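Participant: fold the following, please.
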Amino acid sequence: MNNEESVVSKHPLLESLTDAMPLREMTRDQLVGLAAETRDVLCNLLATRTAHFASNLGVVELCIALHCEFDFRTDRLIWDTGHQIYPHKLVTGRYRDFPTIRTRGGLMGYPNPQESVYDLFMTGHAGSSVSTAVGLRSGDVLSGNPDRRTVAVIGDGAFPSGIVFEAMNNAGELEDDLTIILNDNKMSICPRVGAVATYLDRLRSNPYYTGLKTEVVRLLDLVPMFGDPAERLLAQMKEGVKAGLLGGMLFEELGIRYVGPIDGHDISLMRKYLAMVREMKGPVLLHVVTEKGHGYKPAAEDPVFFHTPPAFTEERGKPVPTASSGCPPFTLHARNAIRKSMAEDDRVTIITAAMCQGNKLEPVREQFPERFFDVGICESHAVAFAAGQCKTGLRPIVDIYSTFLQRSYDQIFQEVALQDLPVVFLIDRAGLTGPDGPTHHGVYDLGYLRVFPNMVVMSPGYAAEVELMLSAAIHHDHPVAIRYPKASALELARTPDPIEIGRSERIRDGRDGTIVACGSMLDQALAAAESLCDDLDVGVVNARFIKPIDVEMVRQSVETGKFVITVEEHAKMGGFGSAFLETAVEQRLDTRRIHLLALSDKFIDHGDRDELLAEEGLGAEQIAQACRDAADDRITMTQDAKPIHATH
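Facilitator: Numbering: from 1, shown residues only. Model prediction:
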C-alpha cells in the first residue's frame, strides 16, 4: 500500500464526499466520526507547513451542521474571516486536494470561487460578511429567487468591526430573511477586546444559560420544525422570551432576532436551531459558543500560539515545532525598536488592531500596559484614535499589516495627512506574504500613501536600519510610514549611514550600471550584482525613501553607467519605480536608461515567497539578467539613435 492509499484509508467518510449533500443523510454517529476525521486531517497538515489551525478546529461541528441543514450549492454561505474555511473545504469534495493547501498551485487557505461552487467570495479581511450577505439576499429577492437562504458566519473577534454594525443597521431596516451565525470563542487571533466582547461575555455567562438551554431543547423536541405554522410561531416566541431573559436586546433593538447562546460543538443541537432559524422571517442572529482549538488539547489551552503555528510534530503527546532557519524577521526588529523608543520617550504609544501576536508585541504589552492599545479589528478607528492622541502631544505608533491598513484610507487622509499630525505607521507584511495569497499580499500601500502631502514613506533594506528609521520617524514632526515585509531581515556587516529624510544609501559602486533597491529587495539586488562580477560592474543603492525620493541619487544613477534598474516588492503602478521615473522626467534625464522591475498588474496567487519573487522577475537571477539585457539595449541604442531628453 502506498502512502497516498494509507492516508486515504484513515478518512473513509471524507474520502467518499464529492460534495456536501451526503451529510444530510448521515447518522449522528457518522457525523461525529466525520468531525473526528476532519480534526485528524487538520493535525496532519501541521506536520508539513504553517497553516491556520485553532480557528478551524473550533468550527468543525458548526460547519458540518450548516451543511446538514442548508444546500450551499444554491443557498448562500459567507465565512468571515475566511481562514476558518478548512473544514468547509474538506466536506465539499476537496479532501484529495487538501494536502496542497497554501502551496503554489494548490488549494487556497481562504475561500476561492475558482475552486468550488460552495465558495462565493475570496474573504480574507474581517467584518464584511454581513454586508455581503445583506446584498446577496437583496439581490436574490429582486431577481426572483426568494427561496434561496443566506448565511453569514462571523467570529466574535471580527464582530465589533464598524462595517458589521453598518450592515446590521441596514439589515434591520430591509427586513429581508437572513441568518447571521455569531461564532463566539472569546478570541480573534489574540483574546478579543472592547465593550462588545464584554457584552458577549455577559450573554454566555448568564446564569439562565445553562438551565434554560436544556429546557428549550426539550421543548424544541416537542415542536415539529415543519408542522403547523402556529407551532413554528410558538418556537419563535420562546426564543423571543429567552432573548428578553438572557440579553440580546442590542440586536433586537436593531430589528434582528436574537437566538442563543447554544453549544457550537453539539451537532444535533445546532441542527435543531439551524432548522428553526432557517424558517424565521427577517434577519436572525444565532449566537453559537465554541472553543478555539477544540479537540486538540494544546491548541485549546494556547489558542493564540496555535492560531497559525509553525509546522510541528508530536512527541509524547506534545507539539514540537520544526526548527526554522534564517535571520530574525523584520517584524522582530520592529518590535525591539518599539520597546526601545517607548523606554526612552514617555510620549510614545503603540496601537494595534487585533494583531498583537502577529506583530510580536506581547513583550511591549507586558512592559508598557498603560501605553499599549489593542482596539480590535477596527483599523479606521485605530488611525483616528492615533490622530487624537497626537493632538495631545503624544507620539503614537500604529502597527498594522499592509493589507489591513488600506481599510483606514480615509482616516490616513483626513485625520492624519490633512492635519499634518506626526503619526508613525509601521506597515508589516508589506510585500508578498507567501502562502496567505492575494487577500494578504501587501503590495498596494505605496500607491495610496505617497500621494498624500506631508507624508514621508521609507523602507528598510536590512536589519540595522529598522531602529534608526523608527527613531527618525518619532522625531519627525509630520506623518511617517515605514514598510517592511514578512521575511527575514538582511544582516549587513556595515554601519548604516545616518538617516536623513529624503537621502538614500549607496551600498556598492559600479561603473556599468546601478540597481536601485526599494526596501526588502536589497538582498536580491546585492546577490544579483555579485553574480554579475564577471560580466558587469554594477552598483547597488539602498533607496530608503520612497517619498521624498532622493533626487540627487536619481540624477547620479541615471547619468552614471549604461542603465538603471529599480526593483521593488510592490505593484508597478504607483510604486517606487514610478516615483523614480517621475523624478527623472522632472530633471530632464534620459529615461531610456531606466528599467522598472516590480510586481505584475494582477492578483498574485499564494506560494513560497522566493518562488513568487522569481516568477515575477524579482529574484536575484532575474534581476541579473535584466541588467545584462539593459546593458545590451543601451549599446544598441547609443549606436542607432541620439538620446532623447524629456521636457516639461
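
Participant: and the pLDDT at Arg218?
Facilitator: Per-residue pLDDT puts Arg218 at 53.

Participant: from what I see, Glu252 and Pro283 are in contact.
Facilitator: No. Look at Glu252 against Pro283 with C-beta atoms under 8 Å: they stay out of range, at 10.8 Å. From N, CA and C alone the C-beta is placed, and that goes for glycine too.

Participant: more neighbours: these two, which one.
Facilitator: Pro283 (28 against 16; other C-beta atoms under 10 Å).

Participant: identify the residues contacting that one.
Facilitator: Met168, Ala171, Gly172, Glu175, Asp176, Asp177, Leu178, Thr179, Ile180, Gly255, Ile256, Arg257 (C-beta atoms under 8 Å, 6 or more residues apart in numbering).

Participant: re earlier: shared neighbours, Glu252 and Pro283?
Facilitator: Joint contacts of Glu252 and Pro283 (C-beta under 8 Å, 6+ apart) do not exist.

Participant: about what we covered before: may I see the ChimeraX selection of the buried members of the contacts of Pro283?
Facilitator: Applying 16 or more other C-beta atoms under 10 Å to those, the buried members can be selected in ChimeraX as follows:
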select :168,171,172,176,177,178,179,180,255,256,257
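
Participant: now, the contacts of Pro283 that are in helices?
Facilitator: Met168, Ala171, Gly172 (DSSP state H).

Participant: who's in contact with the last one?
Facilitator: What it means is Gly172. Leu254, Gly255, Ile256, Pro283.

Participant: kindly recompute the last result at 6 Å.
Facilitator: Applying C-beta atoms under 6 Å, 6 or more residues apart in numbering, we find Gly172 in contact with Leu254, Gly255, Ile256.

Participant: in its sheet, what does the lengthiest strand in the chain sit against?
Facilitator: In the chain, taking DSSP state E as the definition, the longest strand is strand 563-571. Strand 563-571 pairs in its sheet with strand 513-517 (parallel), strand 594-599 (parallel), by DSSP bridges.

Participant: hmm, back to that, can I get the ones in helices among the contacts of Pro283 in JSON lines including pLDDT?
Facilitator: Below are the ones in helices among the contacts of Pro283 laid out as JSON lines (pLDDT from 0 to 100):
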{"residue": "Met168", "pLDDT": "89"}
{"residue": "Ala171", "pLDDT": "89"}
{"residue": "Gly172", "pLDDT": "87"}
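
Participant: just the closest of those residues to Asp509, please.
Facilitator: Met168 (60.9 Å; C-beta to C-beta).

Participant: was I right about the closest one contacting Glu253?
Facilitator: No. Taking C-beta atoms under 6 Å as the definition, Met168 is not a contact partner of Glu253, at 10.4 Å.

Participant: can you pull up the most central residue in the chain?
Facilitator: His440 (4.6 Å; C-alpha atoms, centre = their mean).

Participant: re the thing from before, quick one: which of the contacts of Pro283 is nearest Pro498?
Facilitator: Met168 (51.8 Å).

Participant: got a list of what that closest one touches?
Facilitator: Leu254, Ile256 are the contacts of Met168 under C-beta under 6 Å, 6+ apart.

Participant: leaving out chain neighbours, which residue sits closest to Thr290?
Facilitator: Nearest residue to Thr290 in three dimensions, chain neighbours excluded: Gly264, at 3.7 Å (C-beta to C-beta, 6 or more residues apart in numbering).

Participant: name the residues that touch whichever helix or strand Val541 is part of?
Facilitator: Here Val541, judged by DSSP states H and E, is contained in strand 538-542. Residues outside strand 538-542 that contact it (C-beta under 6 Å, 6+ apart): 461, 504-510, 512-517, 522, 525-526, 529, 532, 627.
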